[in-house]
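Undergrad: only geometry, no sequence info:
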């Protein structure tokens, strides 16, 4: 069993490491985003909340729930010290060292490490259902919880904030959003969910995204000559 104090220690480690590593990162995107560490920490909290919903909906066994919770906190710990393409495995390796240093059981740590590494898998080479068969149950939940932060209201907020930095106006936003990386990611990732609860939440959230874009189209015009 992971105690409340141990869980808090893990939380504090991740939050502090994100803050410190972002401050010293040489990656251009991090240097250009002063609130990168805060953003990543709040993403982690969102993923944790999503994971709790899946764990409750699926009636997860206590040991599996503990693996998922620890893995979620540590899944992006390496975000500012390595390339994104390998952050899953790097985070998994960092988690292994840290958790063993805490004195946690090696078998438990190995399950956490696998779940973190699986969330960073390069998806798309095989169909979602086949991909899911290669993951541990805990790995699927961590990945699903991560994906849920990319397909609903958070995707809308992220996409519009990005468009705002480009000076996009409201009547231009829908077309710009449909062609954005945010939309591309949501469309792609929404199918990489396997639990019943994860699928239900993904469908709800992606449906909200589509409904928002439809409503935006309803409330705006794209004819520049209108009103002249």
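TA: In hand now; what should we look at? Given the structure is predicted, the values throughout are model-derived calculations rather than measurements. Numbering: from 1, shown residues only.

Undergrad: The nearest residue to residue 120 once chain neighbours are set aside: neighbour count?
TA: Spatial nearest neighbour of residue 120, chain neighbours left out: residue 88 (1.3 Å); criterion: C-beta to C-beta, 6 or more residues apart in numbering. (Each C-beta comes from the backbone N, C-alpha and C, glycine too.) Residues near residue 88, counting by other C-beta atoms under 10 Å, number 24.

Undergrad: Spit out the contact partners of residue 113.
TA: Residue 113 makes contacts with 92, 93, 95, 96, as judged by C-beta atoms under 8 Å, 6 or more residues apart in numbering.

Undergrad: before we move on, which element is it in?
TA: Assigned by DSSP states H and E, residue 113 belongs to helix 106-119.

Undergrad: list the buried ones in that helix?
TA: Neighbour-count burial for helix 106-119, counted by 16 or more other C-beta atoms under 10 Å, picks out 108, 109, 111, 112, 113, 114, 115, 116, 117, 118, 119.

Undergrad: re the thing from before, could you point out which of the contacts of residue 113 is nearest to residue 17?
TA: Of all the contacts of residue 113, residue 17 sits closest to residue 95, with 11.0 Å by C-beta to C-beta.

Undergrad: doesn't residue 116 make contact with that closest one?
TA: Yes - the criterion here is C-beta atoms under 8 Å, and residue 95 meets it with residue 116 at 5.5 Å.

Undergrad: shared neighbours of those two, anything?
TA: Shared contacts of residue 95 and residue 116 (C-beta under 8 Å, 6+ apart): 71, 74.

Undergrad: Reformat the buried residues of helix 106-119 as CSV; add distance to residue 72 and pLDDT.
TA: Converted to CSV, the buried residues of helix 106-119 look like this (distance: C-beta to C-beta, whole Å; pLDDT from 0 to 100):
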residue, distance to residue 72, pLDDT
108, 15, 98
109, 15, 98
111, 13, 98
112, 10, 98
113, 13, 98
114, 14, 98
115, 9, 98
116, 9, 98
117, 14, 98
118, 12, 97
119, 9, 97
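
Undergrad: Now for those: which two are most distant?
TA: Of all pairs drawn from these, the one with the longest distance (C-beta to C-beta) is 108 and 119, at 17.4 Å.
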